[in-house]
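In: Need coordinates for the following:
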Amino acid sequence: MSLLPGTARHVDVLVAEAQAAGRTPSLVMGVVRDGRLGHLATAGEHPRPDADLQYRIGSISKTMTATLVMQERDAGRLALDDPLEKHLPGTGVGAVTLRQLLGHASGLQREPEGQWWERAEGADLATLLSGVSAAKIAYPAHRSYHYSNLAYGLLGGVLERITGTPWARLLRERILEPLGMHRTTYAATEPFARGYVVHPWHGTLREEPRTDTGAMAPAGQLWSTVEDLARWAAFLADPAPGVLAPGTLTEMCAPVVMNDLDSWTDGHGLGLELYRDGDRVYVGHGGSMPGYVAALAVHRRSRTAVVGFANAYGFGIGSLGRRILTAVLDAEPPLPRPWRPADAAPPAGVTEVAGRWWWMGVPLDVSWDAAAGELVALMRGERLNRFVPEGTDRWRGCSGPENGEILSVLRDATGAVTALDIATFVFTRHPDEEP
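Out: Below you'll find the predicted structure:
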């Protein structure tokens, strides 16, 4: 879905102003709506960007590594609360769990031993592990947030040990090929933008090396394009079940730890960064490697996202991406799905349950969603719950505050429905009846 002309112009202006003020050789931002790249905004001429030009995505690679870990969890080959020792024995930090590593709540130090891994040629997994010891724990696990690139190098090692397949091949077979992300690659593939550091005083460019980061690749190796990263953003909004179960992706979006304890504007899920902007929560990740920065922010409810790249280290692209996403959502809020009449009468028993119920003077309105095959229960006009059938007169909460709880239909000796029992809270037909 394309943006309205006024919205598109506003995005173009934001990108042009950011490129000029931030002094980046090239800048490209894409707006994704309903699974498609709906608008491309570019600025700069070194090189002139387009939707098929590769840049380095940096730590956005972590979101794909986390997805591979969750695939293995769903397949029963690991558990998120497994200690690292179970899969990579002898590291000295083996008590931390996979969940803590995914959410940057392990207390593990940020970087591996040796030279700065982002700018140096990488080593193999055995060499990476040889530099890990108990001294690498910076904070008690889960006491506070502490970002760790090393954690994702270790997670890549876990994947390799469990599957017997190198991370890059696993990624290609499990994610890139199924999603059609053919321009997302391990190494730079022409056409690609060269990455630079911009001199602060005279504006000259120093080209940065394009390294193979070896065992640290799961933390930040990949290259991609706006077109491909838009596909990944669309997946994070509405996942392909053949790649990852939608419920699993929703689990990844739940906070493991808050980055910002003062205002709760930033948190971390299972491999995904969480950003709160007013009443909206975005999921995604930032990325940086020497000479490159990248942005990915997704508003899942509206299936709207912003992705983008710049080829200058230190440019503030993450905040720009979220500013653009907010501007688009403010200007063009998503339309509600159209109501359609039901094709058939509800199943037996549903008509007896539909209508208004009461508990302690509080109303509960129950209706039937024929398209979803679910009961919809609205309490006080604001707490929305959905229930799926689980047997005769028995329903299981599938969303809302009562997610997972049981709704039981109570009947008298004649078989007439008299009340609803939701997790021991009994609702009756009249407000003056005692539960």
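
In: I'd assumed I175 was in contact with G242.
Out: No. Judged on C-beta atoms under 8 Å, G242 makes no contact with I175 at a distance of 10.8 Å. For every residue, glycine as well, the C-beta is placed using N, CA and C.

In: And for the closest residue to A327 other than its chain neighbours, the neighbour number?
Out: Closest residue in space to A327, ignoring its immediate chain neighbours: H10 at 6.0 Å, by C-beta to C-beta, 6 or more residues apart in numbering. The number of residues packed near H10 is 18, by other C-beta atoms under 10 Å.

In: now A416
Out: That count, for A416 with other C-beta under 10 Å as the rule, works out to 9.

In: Find me the pLDDT at it, would you?
Out: Turning to A416, the model gives it a pLDDT of 94.

In: Roughly how far does it sit from H146?
Out: As judged by C-beta to C-beta, to the nearest Å, A416 and H146 stand 59 Å apart.

In: circling back: between G242 and I175, which is the more surrounded one?
Out: I175 (22 against 8).

In: Wait, a helix at the more buried one?
Out: Yes. If the criterion is DSSP: H, G, I helix; E, B strand; the rest coil, then I175 is within a helix.

In: residues touching T97, list them.
Out: L80, D81, D82, P83, L84, S106, A141 (C-beta atoms under 8 Å, 6 or more residues apart in numbering).

In: sorry, back to before: assign the residue nearest to A327 to helix, strand or coil.
Out: helix.

In: ok, now Q71?
Out: Classification of Q71 by three-state DSSP places it in helix.

In: wouldn't it be in contact with L171 here?
Out: No. Under the criterion of C-beta under 8 Å, Q71 makes no contact with L171, lying 10.8 Å away.

In: what about those two, which has more around it?
Out: Just comparing Q71 and L171: by other C-beta under 10 Å the higher neighbour count belongs to L171, 26 against 20.

In: Phi first, then psi, for that one.
Out: phi -60, psi -50 (degrees, to the nearest 10).

In: Next: R394.
Out: Dihedral angles of R394 (phi, psi; degrees, to the nearest 10) stand at phi -140, psi 130.

In: And the buried ones among the contacts of T97, selectable in ChimeraX?
Out: Buried members of the contacts of T97, defined by 16 or more other C-beta atoms under 10 Å, are picked up in ChimeraX with:
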select :80,83,84,106,141
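
In: Pick out whichever of the contacts of T97 sits closest to Y313.
Out: Taking C-beta to C-beta as the measure, Y313 lies nearest S106 of those, at 26.9 Å.

In: Let me know the secondary structure of that closest one.
Out: coil.

In: residues touching the residue lying closest to L78 once chain neighbours are set aside, list them.
Out: Take L78 and drop its neighbours on the chain: the residue closest to it by C-beta to C-beta, 6+ apart is E72, 5.0 Å away. Neighbouring residues of E72 by C-beta under 8 Å, 6+ apart: L78, L159, I162, T163.

In: Contact partners for the first one?
Out: Right, the one you point to is L78. V69, E72, H87, L98, V158, I162.

In: and what of the third one?
Out: Contact criterion C-beta under 8 Å, 6+ apart gives E72, R77, L78, H87 as the residues in contact with I162.

In: Adding pLDDT, distance to A134 and secondary structure, write those residues out as JSON lines.
Out: Shown next, in JSON lines, are the contacts of I162 (pLDDT from 0 to 100; distance: C-beta to C-beta, whole Å; DSSP: H, G, I helix; E, B strand; the rest coil):
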{"residue": "E72", "pLDDT": "98", "distance to A134": "26", "secondary structure": "helix"}
{"residue": "R77", "pLDDT": "97", "distance to A134": "27", "secondary structure": "coil"}
{"residue": "L78", "pLDDT": "98", "distance to A134": "23", "secondary structure": "coil"}
{"residue": "H87", "pLDDT": "97", "distance to A134": "18", "secondary structure": "helix"}
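
In: Specify the local secondary structure of the nearest residue to A219 once chain neighbours are set aside.
Out: Using C-beta to C-beta, 6+ apart and skipping the chain neighbours, the partner closest in space to A219 is Y152 (3.8 Å). Under three-state DSSP, Y152 falls in the helix class.

In: Give me the pLDDT value at Y152.
Out: 98.

In: again, but for the one 3 residues further on
Out: For L155, the pLDDT comes out at 98.

In: Wait, a helix at it?
Out: Yes. Counting by three-state DSSP, one finds L155 located in a helix.

In: ok, it to V409 distance?
Out: Distance of L155 to V409, computed by C-beta to C-beta: 46 Å.

In: the more surrounded of the two?
Out: Ranked by neighbour count (other C-beta under 10 Å), L155 and V409 place L155 first, with 25 against 17.

In: Which parts of this structure belong to which domain?
Out: Per the record, the chain has its domains at 5-331, 350-428, by automatic domain parsing.

In: I'd like to know which of those lies nearest to R340.
Out: Of all the domains of the chain, domain 350-428 comes closest under C-beta to C-beta, at 7.2 Å.

In: from the middle of its chain, how far away would the closest one be?
Out: Relative to its chain's centre, domain 350-428 lies at 32 Å (C-alpha atoms, centre = their mean, to the nearest Å).

In: and that domain, how far apart are its ends?
Out: 16 Å (C-alpha to C-alpha, to the nearest Å).

In: swap in stretch 242-251?
Out: 17 Å.

In: What of stretch 389-398?
Out: Chord length of stretch 389-398, first to last residue, is 10 Å (C-alpha to C-alpha).

In: one step back: now tabulate the contacts of I162 in TSV and tack on distance to G214.
Out: Output for the contacts of I162, formatted as TSV (distance: C-beta to C-beta, whole Å):
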residue	distance to G214
E72	22
R77	24
L78	23
H87	19
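
In: from those, which single one is nearest D421?
Out: L78 (37.8 Å).

In: which residues touch R386?
Out: Neighbour list for R386: D369, A372, E374, L375, V376, A377, G397, C398, S399, G400 [criterion: C-beta under 8 Å, 6+ apart].

In: Compare those and tell me which is most surrounded.
Out: A377 (25 neighbours).

In: Please report the number of neighbouring residues for E190.
Out: Around E190 there are 6 residues (other C-beta under 10 Å).

In: Report the contact partners of the closest residue to it other than its chain neighbours.
Out: Excluding the flanking residues, the one nearest E190 by C-beta to C-beta, 6+ apart is Q54, at 7.9 Å. Q54 makes contact with R183, T185, A188, T189, E190, P191, F192, A193, W223, S224, T225, according to C-beta under 8 Å, 6+ apart.
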